[in-house]
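Visitor: sequence? don't have it. structure:
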Ligand SMILES: Nc1ncnc2c1ncn2[C@@H]1O[C@H](COP(=O)(O)OP(=O)(O)OP(=O)(O)O)[C@@H](O)[C@H]1O
């Protein structure tokens with residue numbers, strides 16, 4: 001269980017409050033209007049954004065203060081790859097930040113690349129990859145890190161619809177294999193329908209408790225209706 005216990009974030013005039021739990025294994029879409037605080041919510045869970053009040057707990061224990069010590073993998077919109085490193089090195093960072101990989105660790109990197117369909121691409125730099133391949137590198141790193149919480153901040157926003165659907169299907173497969181809990185920010189409600197069983201709506205200064213995806217789309221609150229353009 002991921003718990004946001006009476007949390008409040010203050011960013012100048014902007015405030016965001018959250019007070020709810022997310023069951024382990026849940027797949028949550030974080031939806032809401034632009035500027036509502038979706039990225040801020042993920043950043044607070046990951047430990048990048050300090051909170052004015054409350055705490056974030058995982059399995060009942062307060063999260064460690066340092067982001068790197070939290071049981072979390074996070075992928076941002078730019079897929080956070082280093083342009084000067086090869087695909088193998090970018091993925092290897094998930095295991096060892098100093099990149100001094102043992103033969104066994106190198107094998108694990110190759111296995112992760114194979115799992116996401118990038119066999120033979122290890123020596124390329126990110127600039128030599130397509131958008132879909134770059135997203136796959138980021139997912140290979142997630143797979144290797146093997147953390148129980150996966151936070152995705154619109155990592156597939158720049159991809160076309162077919163490729164995005166392919167990446168979402170791959171994420172769903174990786175979640176099946178790892179049992180990780182997902183929180184995914186998206187601007188596209190279809191993403192939520194495809195792989196998320198629950199929705200956290202962020203609007204008007206609050207991240208609301210999760211609601212079943214079917215339920216929220218069957219009977220959308222006004223703010224979601226406006227956001228969906230309905
Ligand atoms: N350092 C900061 N100081 C003050 N306000 C900030 C700061 N960073 C972000 N904000 C404000 O916090 C609010 C939430 O931003 P955030 O990026 O989390 O929204 P979002 O829902 O992810 O938006 P989008 O869908 O457009 O990506 C915005 O109104 C933004 O202007």
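Guide: Noted; the coordinates are in hand. Please read all numbers here as calculations on a predicted model, not as lab measurements.
Visitor: So the closest residue to residue 138 other than its chain neighbours, which state does it fall into?
Guide: Among residues not flanking residue 138 along the chain, residue 79 sits closest, at 4.2 Å (C-beta to C-beta, 6 or more residues apart in numbering). C-betas here are computed from N, CA, C, even on glycine. For residue 79, the assignment made with DSSP: H, G, I helix; E, B strand; the rest coil gives coil.
Visitor: Pull the contacting residues for residue 79.
Guide: Contacts of residue 79 were listed using C-beta atoms under 8 Å, 6 or more residues apart in numbering, and they are 134, 135, 137, 138, 155.
Visitor: Closest one of those to the ligand?
Guide: The ligand has its nearest neighbour among the contacts of residue 79 in residue 155, at 12.8 Å by C-beta to the nearest ligand atom.
Visitor: The closest one against residue 81, yeah?
Guide: No: taking contacts as C-beta atoms under 8 Å, residue 155 lies outside contact range of residue 81: 10.9 Å.
Visitor: Next, show the common contact partners of those two.
Guide: Taking C-beta under 8 Å, 6+ apart as the contact rule, the neighbours common to residue 155 and residue 81 are residue 138.
Visitor: Of the two, which one has the most company?
Guide: residue 155 (26 against 22; other C-beta atoms under 10 Å).
Visitor: Please list all residues in contact with the more buried one.
Guide: 75, 76, 77, 79, 135, 138, 167.
Visitor: Show me how far the strand or helix carrying residue 200 is from its chain's centre.
Guide: According to DSSP states H and E, residue 200 maps onto strand 198-203. Offset of strand 198-203 from its chain centre (C-alpha atoms, centre = their mean, to the nearest Å): 15 Å.
Visitor: And the contacts of the next helix or strand after it?
Guide: Downstream of strand 198-203, the next assigned helix or strand under DSSP H and E is strand 206-207. Contact with strand 206-207 is made by 4, 16, 17, 18, 20, 30, 37, 41, 200, 201, as judged by C-beta under 8 Å, 6+ apart.
Visitor: sec struct for the third one, please.
Guide: So that's residue 17. Per three-state DSSP, residue 17 ends up strand.
Visitor: The fifth one now?
Guide: Three-state secondary structure (criterion: three-state DSSP) places residue 20 in strand.
Visitor: mean confidence score for the longest helix along the chain?
Guide: Counting residues, the longest helix found in the chain (DSSP state H) is helix 161-178. Averaging pLDDT along helix 161-178 gives 93.
Visitor: list the buried ones in it?
Guide: 164, 165, 166, 167, 168, 170, 171, 174, 175, 178 (16 or more other C-beta atoms under 10 Å).
Visitor: Show the secondary-structure elements that that helix is packed against.
Guide: With contacts taken as 3 or more C-beta pairs under 8 Å, 6 or more residues apart in numbering; DSSP states H and E, helix 161-178 sits against helix 131-145, strand 149-153, strand 181-185, helix 189-195.
Visitor: Against residue 24, how distant is residue 110?
Guide: Residue 110 sits 30 Å away from residue 24 when distances are taken as C-beta to C-beta, to the nearest Å.
Visitor: quick one: which of the two has more around it?
Guide: Comparing residue 110 with residue 24 by other C-beta under 10 Å, the one with more neighbours is residue 110, at 17 against 14.
Visitor: Tell me the helices and strands packed up against the strand or helix carrying that one.
Guide: For residue 110, the host element (DSSP H and E) is helix 103-115. In terms of contacts (3+ C-beta pairs under 8 Å, 6+ apart), helix 103-115 is packed against helix 87-92, helix 131-145.
Visitor: Export these as TSV, with columns for mean neighbour count, mean pLDDT and distance to residue 49.
Guide: Supplementary listing: those in TSV, determined by neighbours: other C-beta atoms under 10 Å; pLDDT from 0 to 100; distance: least, C-beta to C-beta, whole Å:
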stretch	mean neighbour count	mean pLDDT	distance to residue 49
helix 87-92	24	95	25
helix 131-145	23	93	20
